[in-house]
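A.B. asks: dropping the sequence and predicted coords here.
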Amino acid sequence: MATADKNKNVHVFESEEALSVSLAKYAADLSEKFAKQKGSFTVVLTGGSLIKSLRKLVEAPYIDSIDWSKWHVLWADERVVPKNHPDSNYLLAYDAFLSKVPIPSGNVYAINDALPAEAAADDYETCVKHLVHNGIISVSEATGFPRFDLMLLGMGPDGHVASLFPGHPLVQEKKKWITFIKESPKPPPQRITFTFPVINSSANIALVVAGAGKAHPVHVTLGNGEDSHVLPVQMVLPEGELTWFLDKDAASKL
Ligand SMILES: O=C(O)[C@H](O)[C@@H](O)[C@H](O)[C@H](O)COP(=O)(O)O
């Protein structure tokens, strides 16, 4: 099943397997488009089950057809732990994805894991500013915030995206590009995260959501479900295109 409104597409798949096949084609098509258009493709990852859903990208035909040298990889959120810690989003992505594709190591921008949360957020913002300055990351004409080519977001069962949690003041941040949280309700507690102005300046966002545990926030966002909070996922309203990749369990209340 697929439905589309202006700037928003919703795809529902029979299984997470079918979802991952379609997600790989979607990412490969955007990679080709942006590599041609601007000579680089900026891709933002999160942690969680999203990374497993990227598994078809490291298989034929995409492993050979994608021009991996154009990819620049960043994280919408990262846990403040060493890069070799089992909680690290970098390690998760490295083991399951980045170590299997020929993206130049200099194009993979992990956070500085030697710094505490606040300094790590500032340092990562400086890294993004540098990539804007040298033209790798575009800038939104409308907002002046960085405009990533593709942001791949998961969503928690409570409707959080990146490390922006329901009811937390960080969801209202309007100025900073990247900020930090020290009391994340999802462990580990210390994280850095992109803010909504950056998320919503993206050219493309994929919301990748599988499993019955996610059916409630999907129902609230895409159907007529209700919650006592405005869910962060409801605030994902990019300037560019939003595409939902749902499996049938996540879409079961629609
Ligand atoms: O570091 C993190 O915790 C993630 O970046 C987080 O935002 C994740 O994407 C969602 O919590 C969904 O995770 P699951 O898909 O594993 O539920």
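C.D. replies: Received the coordinates, thanks. Values in this document were obtained by computation on a predicted structure and should not be read as measured data.
A.B. asks: helix or strand for the residue of the stretch 1-150 of the chain found nearest the ligand, which one?
C.D. replies: Closest residue of the stretch 1-150 of the chain to the ligand, CB to the nearest ligand atom: residue 48 (2.4 Å). The C-beta positions use only the backbone N, C-alpha and C, and glycine is treated the same way. Here residue 48, judged by DSSP states H and E, is contained in no helix and no strand.
A.B. asks: excluding chain neighbours, what is closest to it?
C.D. replies: Excluding the flanking residues, the one nearest residue 48 by CB to CB, 6 or more residues apart in numbering is residue 154, at 4.2 Å.
A.B. asks: was I right about that neighbour contacting residue 46?
C.D. replies: Yes: between residue 154 and residue 46 there is a contact under CB atoms under 8 Å: 5.0 Å.
A.B. asks: what's the overlap in contacts for those two?
C.D. replies: By the contact definition CB atoms under 8 Å, 6 or more residues apart in numbering, residue 154 and residue 46 are jointly contacted by residue 161.
A.B. asks: for stretch 217-230, buried residues please.
C.D. replies: 217-222 (16 or more other CB atoms under 10 Å).
A.B. asks: what does that stretch contact?
C.D. replies: Against stretch 217-230 from outside (CB under 8 Å, 6+ apart): 10, 155-159, 166-167, 209, 216, 231, 233-234, 244, 246, 250-251, 253-254.
A.B. asks: rerun at 7 Å
C.D. replies: 10, 155, 157, 159, 166-167, 209, 216, 231, 233-234, 246, 250-251, 253-254 (CB atoms under 7 Å, 6 or more residues apart in numbering).
A.B. asks: do stretch 12-21 as well
C.D. replies: By CB under 7 Å, 6+ apart, the list of residues contacting stretch 12-21 reads 1, 22, 53, 55-56, 210, 245-248, 251.
A.B. asks: which among the residues you listed gets closest to residue 142?
C.D. replies: The shortest approach to residue 142 among these belongs to residue 245, at 25.7 Å (CB to CB).
A.B. asks: ok, now which ones touch that closest one?
C.D. replies: 11, 19, 22-23, 206-209.
A.B. asks: now, these that are in helices?
C.D. replies: 19, 22-23 (DSSP state H).
A.B. asks: buried subset of these?
C.D. replies: 19, 22-23.
A.B. asks: could you dump these to JSON lines with distance to the ligand and pLDDT?
C.D. replies: Converted to JSON lines, these look like this (distance: CB to the nearest ligand atom, whole Å; pLDDT from 0 to 100):
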{"residue": "19", "distance to the ligand": "12", "pLDDT": "98"}
{"residue": "22", "distance to the ligand": "17", "pLDDT": "98"}
{"residue": "23", "distance to the ligand": "13", "pLDDT": "98"}
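A.B. asks: kindly reformat those residues as CSV containing distance to residue 60.
C.D. replies: Below are those laid out as CSV (distance: CB to CB, whole Å):
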residue, distance to residue 60
19, 19
22, 16
23, 16
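A.B. asks: tell me the pLDDT at the residue in the stretch 101-250 of the chain positioned nearest to the ligand?
C.D. replies: At 2.9 Å from the ligand, residue 154 is the closest residue in the stretch 101-250 of the chain, using CB to the nearest ligand atom. We have a pLDDT of 98 for residue 154.
A.B. asks: alright, that wraps it up for me.
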